[in-house]
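>>> Got a predicted structure here, sequence first:
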Amino acid sequence: MELEQDLMVSERKKKPLRWHVLVFLAPAVIIYTMIMILPLAETLRFSFFQRDTTTQVISFVGLENYIKLFFDPYWVKPFLNSLWNNCYFFLIHMLVQNPIGVLIAALLSMVHLPGKKFYRTAIFMPTLLSFVVVGFVWKLMLSPLWGVSKGLMKSVGVGSWYLPFLGKEETALTTLSLISVWQFIGIPMMLIYAALLSIPDEVIEAAECDGVTGISQFFKIKLVLILPTIGIISILTFVGNFNAFDLIYTTQGPLAGPNFSTDLLGTILYRTFYGQQLQPGDPNMGAAIATVMFFIILMGVAVYLFFIQRKLTRYEM
Amino acid sequence: MAISRARRNRMAELGAHVILLTFAVIALFPVLLILINSLKTKKAIFRKPLELPTSETLDLVGYSTVLQQGNFPLYFWNSLFVTGASLCLILLFGAMAAFALSEYKFRGNRLMGLYMALGIMIPIRLGTVGILRLMVATDLVNTHWALILVYTAQGLPLAIFILSEFMSIVSSDLKSAGRIDGLSEYSIFLRLVLPLIRPAMATVAVFSMIPIWNDLWFPLVLAPAEHTKTLTLGAQVFVGQYSNNWNAILAAMALAVIPVLILYTLFSRQLIRGLTSGAVK
Amino acid sequence: MKHYLSSGIAASLLLGSASFAFAASELTIESWRNDDLSIWQETILPAFMKAHPEVKIRFSPTAPTQYNAALNAKLEGGTAGDLITCRPFDGSLDLYSKGYLKNLQGMATLDNFPDSAKGAWSTDDGSATFCVPMAAVIHGFIYNKDAFAEVGVEPPKTQAEFIAVLDKIKEDGNYIPMAMGTLDQWESAAMGYQNIGPMYWKGEEGRKAVVAGTGKLTDDGWVKPFEVLASWGPYLGDGYEAQSYPDSQTLFTLGRAAIYPSGSWEIAGFNRDSDFELGAFRPPLPAEGDSCYISDHTDIGIGLNAASSNSEAAMKFLEWMGTKEFAELYSNAVPGFFSLSKHEISLTDPLADEFISWRKDCQSTNRSAAQIVSRGTPNLWNEMWVVSANVINGKQTPADAANQLQKGLSAWYEPQMD
């Protein structure tokens, strides 16, 4: 406190330029600006241009690409479809990933539990795999050809529930969301686990003195204390989900079938930007989609920062 | 009373084991399936996918195909070097910037924070063409440094975002004490703050490492040459090339998975220790 | 501190770039044919380098799904290889009009190819040709001869016979009648619709009518093949909706399925992976006595990167591609990819020979969405993937599917606008 005031005062006194602040910031800002921001800005600038199909001249077209995206039925329909799919994809993550993450972390944080290390390592494992491996192995397991999933379902008596999950419009997106949860569950688990462990002993002791123990202690004390962590996880999941495309691309192909039922913003963007077989790549239109995606994500993050995060009380630990 | 409590505890423990074991099996099963079947003959892969290889069905032809075609030890080294170097840069530069943003009040501080956070929201892949041009201009194409720089830029926003959250709760008494003792700002950062935010650093390391290790896109565009090929790219080539040579694909998958497993078991202790020990108090 | 850090980074950056500097003296061929890597490495390139010892050349394939994206990025960044493998028609025309491919008009090598072959890599007015044609692929059905003998059926000639054969195999129960899945969607369009379709829309005649705007995709000839596809579902394997392209290939090569609707490009892989005798029959005629059309698709060519620093050597390779030596070498090394050159060549693979023999009785045509009509949004070829899969899955009626294609095409293609 005092020091802060000191600093404020000294600032008013026009202390000489504080070089160390520059030194601390410079490397990150330079690398980030040069390699991320400038190329991305260049890409976004594309969205105001279009190539003439006959003369091949690229010229400024203002908002034409955006108007097309929002008002041409052949653009807006796929776009809204992928936006909706993306929301659904995110919803499944939130509904499945967070509760399971909390459950596993809570169990792992039990004081005496032999085999903790094994469980932790095993459940974190899928997170380490690349999309190539994840897409391949799940496609294989769910494939009717290999029959692994069918066989397994039969062995637990639900063989009749087997469906070609990835090939049905009704089930494909849910299946892929769950595969994605399977892949990334390790991250929320680890973060929540760490948050639970760093709850000060005094807090727990105080709760026990008041007779709050066991499950009610967990919900009334611990869960409240780890809410900020769950908040961070949720926002990271949101950003990740709205940028997702690899998993869909490796399992369902560039057209995100069946019948575009697994098309996400990321897949539509990639297809538009780089093209696919006979569809020529259109970086200008792609840039317009990217810009819109950027604002969607920005809005989501803003909602989190200004409405949700404020309500989460932060406890200095 | 005491006995029943002990029993209840034991019941709870058993329940915990059952639940955790279920999740562990779900997590491990697909990976084990790859490993087991990569060791079998093609016929056995299809007839009995769930069986362990026996002396009759054991067949290493997949591995010999893959190892003949690609230099997997080199790919592994490339992946390791690129990931390691990127992580070091992300952690160092990220922590420095996060420290500057959370410690000092200066004009445009909040703006700078927002500026650095932009990168979380937009996939860097969209800037590929610009990045490639930059790398061509600086003659870095087909070098490890092209990848390292891109991954560092990609990892910094999240690192700064998470680290500044943690930096802001490092007690200020400690720092003022340091300043009174005449420590320079650099020493305060290096000697007082960095050790305290180790758990956060470990978190950032995990978050950043995974997408870097598994990335396919930038190795493909920026460094597809044989001497810079990464493991993920190397394995992907096989998936395409042997679209129905199941032995080779499964072996390539296994070869891509095994190093990650080894790495993780090597580092998991540090990771957990970092994540949990010496929580900031 | 600052000094050490920044100079350290600068030094390592310099070191990095110096020690990994890229050797540029070698020609590089960009390609999506990673299946053929060893054939190029071991057969084709050594033959070329024997004739031209002064040129060093390397084949550098990318997985097909990433080829376009990676190639575009590399072309824009100026790091693409000297020789670029060309997809046919608009796939490469776009690269040429953006200035990435050199105009090869006037090169002697092109005289070795008929106009129909060059057409796939020429501008609409024919004034420029930008890739040397390499090969065409022919659609058809490959079948398991042992299975046919076991069940007691003969390769069908007409649609009615075809259905009878499928029924008989299904009844027999030992084999899945047809190996095909709809998960990847393009199988349905390429190996389904484009495979059987030319018989109904009468090959080039129907295709050119649509391009000219005189024919519509809702005409009988374009709806009928969808009706045929709609009847395929019951003959495919259980859960075919989640069956991918490699799954289908494996199903067939393991000997579990009797018929594989596809094309000549599978021959090399099938020869390697299957341990039964392979046969081929052409798409069934709609009715006895109808004339025959086959999809004989100009599929692959090679062009010259306009930014190549080594174009003189690259031209030598392109010239060599027009020789009989290359035609024979390539067609036999990659059976099922048929050289487009005028040279008379002999094929050693019996299955490839069977495919190419159809050219005698049937008229050849290109895939109907390949030229001009896939230039707008919605993209006709993409739409064809989706509706073909929908029709096989029973999610869309043939008439609906044809309507969707026509509506999409007429939304942007002037000759088709009402």
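Noted; the coordinates are in hand. A quick note: this is a predicted structure, and the numbers were derived from the prediction, not measured.
>>> Residue numbers of chain B in contact with chain C?
For chain B, the residues in contact with chain C under the definition Cβ under 8 Å from any Cβ of the partner chain are B:46, B:128-129, B:132-133, B:135-136, B:138-145, B:186, B:220-221, B:224-225, B:227-228, B:236-237, B:239-241, B:243-246. Yep, even glycine has a C-beta here, placed from its N, CA and C like the rest.
>>> likewise the stretch 201-317 of chain A?
Applying Cβ under 8 Å from any Cβ, one finds that the stretch 201-317 of chain A approaches chain C through A:249, A:252-255, A:257-260, A:270, A:274-281.
>>> ok, back up a step: could I have the buried ones of the residues of chain B next to chain C as PyMOL selection syntax?
Under the burial definition 16 or more other Cβ atoms under 10 Å in any protein chain shown, those of the residues of chain B next to chain C that qualify are selected in PyMOL by:
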select buried, chain B and resi 46+128+129+132+133+135+136+140+141+142+143+144+145+220+221+224+225+227+228+236+237+239+240+241+243+244+245+246
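>>> Show me the residues of chain B next to chain C that map onto strands.
Within the residues of chain B next to chain C, membership in strands is found for no residue, as judged by DSSP state E.
>>> Low-confidence stretches in the stretch 201-317 of chain A?
A:312-317 (pLDDT under 70).
>>> which SSE is A:Gln50 in?
The secondary structure element spanning A:Gln50 is strand A:49-51 (assigned by DSSP states H and E).
>>> touching chain B at all, that strand?
No. Applying Cβ under 8 Å from any Cβ, one finds strand A:49-51 separated from chain B by no less than 13.4 Å.
>>> how distant is that strand from the center of its chain?
The gap between the average C-alpha position of strand A:49-51 and the chain average comes to 31 Å, counting by Cα atoms, centre = their mean, to the nearest Å.
>>> pLDDT of it, averaged?
The predicted model gives strand A:49-51 an average pLDDT of 92.
>>> Stretch C:230-244 too?
Along stretch C:230-244, the predicted confidence averages to a pLDDT of 93.
>>> what's the span of that stretch from first residue to last?
Between the opening and closing residues of stretch C:230-244 we find a distance of 19 Å, counting by Cα to Cα, to the nearest Å.
>>> Can you give the strand pairings for the strand holding A:Gln50, parallel or anti for each?
Strand A:49-51 has its sheet partners listed here by DSSP bridges as strand A:58-60 (antiparallel).
>>> got a list of contacts for the partner strand?
Contacts of strand A:58-60 from elsewhere in the structure, counted by Cβ atoms under 8 Å, 6 or more residues apart in numbering or on different chains, are A:48-52, A:284.
>>> likewise stretch C:275-288?
With Cβ under 8 Å, 6+ apart, stretch C:275-288 has contacts from C:139-148, C:155-162, C:195-196, C:198-200, C:224, C:255, C:267, C:270-271, C:292, C:294, C:351, C:354-355, C:358, C:362.
>>> how about the helices in the stretch 1-150 of chain B?
Per DSSP state H, counting those that start in this stretch, the stretch 1-150 of chain B has helices spanning B:2-37, B:42-47, B:61-69, B:72-103, B:109-121, B:128-137, B:144-167. These are given in chain order.
>>> Mean pLDDT added to those helices, as TSV?
As requested, the helices of the stretch 1-150 of chain B are exported to TSV (pLDDT from 0 to 100):
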stretch	mean pLDDT
helix B:2-37	87
helix B:42-47	82
helix B:61-69	83
helix B:72-103	93
helix B:109-121	87
helix B:128-137	86
helix B:144-167	92
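>>> and among those, the most buried is which?
Per-stretch averages of neighbours, counted by mean count of other Cβ atoms under 10 Å in any protein chain shown, single out helix B:144-167 among the helices of the stretch 1-150 of chain B, with a mean of 25.
>>> Quick check: what element follows that one along the chain?
Counting by DSSP H and E, what follows helix B:144-167 is helix B:172-180.
>>> report the angle between the axes of that following helix and helix B:72-103?
Here helix B:172-180 points in a direction 90 degrees away from that of helix B:72-103 (axes from the mean of the first three to the mean of the last three Cα atoms, to 10 degrees).
>>> buried ones in helix B:172-180?
B:175-176, B:178-179.
>>> same check, this time on stretch C:197-215
C:197-204, C:206-207, C:209-211, C:215.
>>> and the residue nearest to the spatial centre of chain A, what does it touch?
Per Cα atoms, centre = their mean, the C-alpha nearest to the average position across chain A is that of A:Gly240, at 2.0 Å. Residues near A:Gly240 by Cβ under 8 Å, 6+ apart: A:Phe184.
>>> is it fair to say it lies in a helix?
Yes. With the criterion set as DSSP: H, G, I helix; E, B strand; the rest coil, the secondary structure at A:Gly240 is a helix.
>>> what ranges do the strands span in chain C?
Using DSSP E, strands in chain C cover C:27-31, C:57-61, C:83-86, C:131-144, C:176-178, C:257-263, C:278-281, C:293-304, C:338-339, C:363-365.
>>> okay if I get those as JSON lines plus mean pLDDT and mean neighbour count?
As requested, the strands of chain C are exported to JSON lines (pLDDT from 0 to 100; neighbours: other Cβ atoms under 10 Å in any protein chain shown):
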{"stretch": "strand C:27-31", "mean pLDDT": "94", "mean neighbour count": "22"}
{"stretch": "strand C:57-61", "mean pLDDT": "89", "mean neighbour count": "19"}
{"stretch": "strand C:83-86", "mean pLDDT": "96", "mean neighbour count": "27"}
{"stretch": "strand C:131-144", "mean pLDDT": "96", "mean neighbour count": "26"}
{"stretch": "strand C:176-178", "mean pLDDT": "97", "mean neighbour count": "23"}
{"stretch": "strand C:257-263", "mean pLDDT": "95", "mean neighbour count": "26"}
{"stretch": "strand C:278-281", "mean pLDDT": "96", "mean neighbour count": "21"}
{"stretch": "strand C:293-304", "mean pLDDT": "95", "mean neighbour count": "24"}
{"stretch": "strand C:338-339", "mean pLDDT": "94", "mean neighbour count": "26"}
{"stretch": "strand C:363-365", "mean pLDDT": "93", "mean neighbour count": "19"}
